[in-house]
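> Based on what follows, work out the 3D shape:
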Amino acid sequence: MIDILPDCLIQKILCCLSFKEATRMSILSKTWLQEWSTLPNLEFTINCWEGNINTANTTMERYRKGKIPIQKFELVESFANSREDFPLIDKWLDIALQSGVKHLSLNFKSYPMPILRILAAKSLRGLDVQGSMPDSLSSGVVNCKSLRKLSLSNIRLDENIVQTLLNSCPFIDSLILEYCSGKLQKIKSDSLKVLKIHHCKIEEIDARNLVSLDYVGAQIPELNKIAGESNQLEHSKFGCINHLNAAWFCKLRKFLSNSPSWSHVSLRFINCCEIKMKDLLMDHIGSTPRVDVLNVNIEWMNQNFVDALLWSCHPRRLNLFSNVTPTITHFIDRLLFMMNSSHSISDRSLPWHSQLKEIKAFDEKNQSLPLICGELAKRIRMEGEKVYFLLDWCS
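Residues are numbered from 1 along each chain as shown. Sure thing, here's the model as predicted:
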């Protein structure tokens, strides 16, 4: 009965599975075996101790002789002291590149990746590299106009490597940098729309057409003016212990001021240092940035944290996440104080927090909740309920 499915549907099903799962499905019948043998997605983890190098080589030879197209090729090198096998890896990459591969995912421990030969492939649209990258690249050596997505993780980077790759691949619209050592002075690209930087040191971002930014790190980089709407700024809760102070919030406000609007901003903290509000107010930067949704995840905070946070941006919706009851209680108390200040002061220019006109609380079913601090804190902390606040600010 399983053979009544059309061949194209069988291959589509197999493509939705991992390569290992698809291999298991190939025993169902000759039809499934045939479709598995021409899968466009290949995935190999090479370990000389497991003796699977010959299996991978046989498979790649079959694809070469049959001129079977490869859309996605994933290769993980998990062995050491295997230089004698480097020619085989060279051959497999050549087979994949010559077959018109569109996405390469490469994780190498010791193999010297031929990045220039890879970028010369006219079909390549996505490149994911982990663990290995040449120490330097010569600018202008390649011109890869097909690449759209580049992901680099767990490798040592310098500004020359990243900027040369961006210059050589002028149409990259998605860049991911994760857990890379080294320090980058600047990322500059007019083509980037999606940028993800997790735990990499970067001082400046110049990408005026960004529409999505996901940043996790201890220090906020400089952000040049961008034209589009950015989606997410995320800060690592592990990087804030010694850096979350007045200067940090000044940088946050300046960072957010360089985009016309933000749909989502997510901030995660573990603790914060002393925050002197006088230092913040002396560093006034134009109008306060507006954020549609602000997600705040914090464990411990001092008395000025809420003031500093809402000085740096004015969210329309605020989602609060915490496991510490005193933190939740103080956060909500401070919000209510700001709202009450607004109602009692006729001059809306002083003090700055009088700009908060109204607060409404809702549960995850969008049902209105009474603004009773103890009850809301219990819902968030004890019951794990998702409570959010709608904030109405003076223009």
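> only C-alpha atoms for contact and neighbour calcs from this point on.
Will do.
> Give me the distance from stretch 297-309 to the chain's centre.
Put simply, stretch 297-309 sits 25 Å off its chain's centre (C-alpha atoms, centre = their mean, to the nearest Å).
> Compute the number of surrounding residues for E385.
Using other C-alpha atoms under 10 Å, E385 has 15 neighbouring residues.
> Next one: it from V265, what distance?
Applying C-alpha to C-alpha, to the nearest Å, the value for E385 to V265 is 21 Å.
> One more: I205?
17 Å.
> can you check G126 too?
Per C-alpha to C-alpha, G126 is found 27 Å from V265.
> circling back: and I205 and V265? which has more neighbours close in?
Higher neighbour count among I205 and V265: V265, with 23 against 19, using other C-alpha under 10 Å.
> And that one, its phi and psi?
V265 adopts backbone torsions of phi -130, psi 130, taken as degrees, to the nearest 10.
> oh, and call the first residue 4 from now on, that's how I've got it
Yes, from this point I'll number from 4; that puts the last item at V268.
> Show me what it is bridged to.
Beta-bridge partners recorded for V268 (DSSP bridges): L297.
> per-residue confidence for it?
On pLDDT, V268 comes in at 83.
> right, and it touches N298 too?
Yes - V268 is within contact range of N298, at 6.2 Å (criterion: C-alpha atoms under 8 Å).
> And the helices in this structure, which stretches?
10-18, 22-28, 33-39, 56-69, 89-101, 118-122, 162-171, 249-259, 280-285, 308-315, 328-347, 376-384 (DSSP state H).
> and the ones you listed as CSV, adding mean neighbour count, distance to N369 and mean pLDDT?
Output for the helices of the chain, formatted as CSV (neighbours: other C-alpha atoms under 10 Å; distance: least, C-alpha to C-alpha, whole Å; pLDDT from 0 to 100):
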stretch, mean neighbour count, distance to N369, mean pLDDT
helix 10-18, 15, 38, 55
helix 22-28, 15, 41, 57
helix 33-39, 17, 48, 53
helix 56-69, 15, 54, 84
helix 89-101, 18, 51, 91
helix 118-122, 17, 50, 86
helix 162-171, 19, 44, 83
helix 249-259, 21, 28, 83
helix 280-285, 14, 34, 73
helix 308-315, 21, 23, 88
helix 328-347, 18, 18, 82
helix 376-384, 18, 14, 76
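> Turn those helices into TSV, including distance to E302.
As requested, the helices of the chain are exported to TSV (distance: least, C-alpha to C-alpha, whole Å):
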stretch	distance to E302
helix 10-18	43
helix 22-28	41
helix 33-39	50
helix 56-69	49
helix 89-101	48
helix 118-122	43
helix 162-171	35
helix 249-259	17
helix 280-285	21
helix 308-315	12
helix 328-347	7
helix 376-384	11
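> Can you tell me which of the ones you listed is nearest to P292?
Distance to P292, taken as C-alpha to C-alpha, is lowest for helix 249-259 among those, at 6.0 Å.
> and the closest one, C-alpha only, in PDB?
Output of helix 249-259 as PDB, limited to C-alpha atoms (Å, rounded to 0.1, in the frame of the first residue of the first chain):
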ATOM      1  CA  ALA A 249      23.900  54.200  33.600                       C
ATOM      2  CA  ALA A 250      26.400  54.100  30.700                       C
ATOM      3  CA  TRP A 251      24.900  50.900  29.400                       C
ATOM      4  CA  PHE A 252      21.400  52.400  29.300                       C
ATOM      5  CA  CYS A 253      22.800  55.500  27.600                       C
ATOM      6  CA  LYS A 254      24.200  53.200  24.900                       C
ATOM      7  CA  LEU A 255      20.900  51.300  24.700                       C
ATOM      8  CA  ARG A 256      19.000  54.500  24.100                       C
ATOM      9  CA  LYS A 257      21.400  55.800  21.500                       C
ATOM     10  CA  PHE A 258      21.300  52.400  19.800                       C
ATOM     11  CA  LEU A 259      17.500  52.300  19.600                       C
END
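> looking just at contacts, which helices and strands does it meet?
Packing partners of helix 249-259 (3 or more C-alpha pairs under 8 Å, 6 or more residues apart in numbering; DSSP states H and E): strand 225-226, helix 280-285, helix 308-315.
> quick one: I223 and K254 touch, right?
Yes - between I223 and K254 there is a contact under C-alpha under 8 Å: 6.5 Å.
> circling back: out of the helices and strands packed on helix 249-259, which gets nearest to I71?
That would be strand 225-226 among the helices and strands packed on helix 249-259, by C-alpha to C-alpha, at 45.4 Å.
> Show me the contact partners of the closest one.
With contact meaning C-alpha atoms under 8 Å, 6 or more residues apart in numbering, strand 225-226 is reached by E206, E207, I208, D209, K254, F258, N261.
> any chance of those residues in TSV, plus distance to T332?
Output for the contacts of strand 225-226, formatted as TSV (distance: C-alpha to C-alpha, whole Å):
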residue	distance to T332
E206	36
E207	37
I208	37
D209	40
K254	27
F258	29
N261	33
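> Now flag whichever of those is closest to C397.
The closest of the contacts of strand 225-226 to C397 turns out to be N261 (C-alpha to C-alpha; 21.0 Å).
> Pairing partners for I49 in the sheet, please.
Under the criterion used (DSSP bridges), I49 bridges to E80.
> Next, count neighbours for it.
The tally of other residues near I49 (other C-alpha under 10 Å) stands at 19.
> Ok, S290 next?
Around S290 there are 12 residues (other C-alpha under 10 Å).
> what residues are up against F334?
F334 neighbours (C-alpha under 8 Å, 6+ apart): V309.
> Keep only those of the contacts of strand 225-226 that are in strands.
Counting by DSSP state E, the contacts of strand 225-226 place E206, E207, I208, D209 in strands.
> Chain neighbours aside, what residue packs nearest to L45?
F76 (5.0 Å; C-alpha to C-alpha, 6 or more residues apart in numbering).
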